[in-house]
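Participant: One predicted model, sequence on top.
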Amino acid sequence: MKNIQEYFLLMLIVGTVALIGNWIGYDIFSIQAVLGMLVLILIASLGQLLSQLIPMKIPSVVYVIIIGIILSLPNLPWGPYVVEWTSNIQLLAIATPILAYAGIAIGRSWTDFVKMGWKAMVVCLLVLFGTLIGSAIIAEVVLRFQGII
């Protein structure tokens, strides 16, 4: 049960940071946004709880998806409210703190990464720069095609 408490606390922290990002980045801060974030936290926490309580080896994301679909069904009395509340939360506002947490989690195992050797670091740098250059090229082509630049 301690894992569930830690997971719920983590979800509250990520949810709070996402709400702040939603407010600063998208100028959306309302009671509907807060309710939407609470619904998302509840769905994620229930999915994690079910994955630990049900003895089958099913990833928690499956439970999260099923709960999210059920809660947002338009035929159910609460479905339209759930959709309205969660539509006030922007995806990038949620993704940013999650990716930051993933970076911190990876950073904790930096010594394991260093043990891979200098060749792994060269490959990582090439992938990073390749992704950056590739994204820039795609953006350039699309913006020129649309006549924006």
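Facilitator: Done, it's in.
Participant: how far away is the spatially most central residue of the chain from residue 73?
Facilitator: The centroid of the chain falls nearest to residue 95 when counting by CA atoms, centre = their mean (3.9 Å). According to CB to CB, to the nearest Å, residue 95 stands 25 Å off from residue 73. Where C-beta positions appear, they are placed from N, C-alpha and C, glycine not excepted.
Participant: now residue 80
Facilitator: Where residue 73 is concerned, residue 80 sits at a distance of 10 Å (CB to CB).
Participant: In terms of helices and strands, where is residue 88?
Facilitator: Under the criterion of DSSP states H and E, residue 88 resides outside all helices and strands.
Participant: Chain neighbours aside, what residue packs nearest to it?
Facilitator: Closest residue to residue 88 in three dimensions, ignoring its sequence neighbours and counting by CB to CB, 6 or more residues apart in numbering: residue 33, at 4.1 Å.
Participant: In three-state terms, label the residue nearest to residue 76 when sequence neighbours are not counted for me.
Facilitator: Nearest in space to residue 76, with sequence neighbours left out and distances taken as CB to CB, 6+ apart, is residue 70 at 7.6 Å. At residue 70 the chain is in helix, as set by DSSP: H, G, I helix; E, B strand; the rest coil.
Participant: Quantify the burial of residue 70 by counting its neighbouring residues.
Facilitator: Burial of residue 70 is recorded as 12 neighbouring residues (other CB atoms under 10 Å).
Participant: ok, now residue 94?
Facilitator: By other CB under 10 Å, 19 other residues sit near residue 94.
Participant: Only the buried residues of stretch 86-97, if you could.
Facilitator: 86, 88, 89, 90, 93, 94, 96, 97 (16 or more other CB atoms under 10 Å).
Participant: And for residue 36, nearest residue in space, chain neighbours not counted?
Facilitator: Leaving out its chain neighbours, residue 36 is closest to residue 85 (CB to CB, 6+ apart), at 3.6 Å.
Participant: so where does the one you found fall, helix or strand?
Facilitator: In this structure, residue 85 is located in helix 79-86 according to DSSP H and E.
Participant: end-to-end on stretch 77-97?
Facilitator: End-to-end distance of stretch 77-97 (CA to CA, to the nearest Å): 32 Å.
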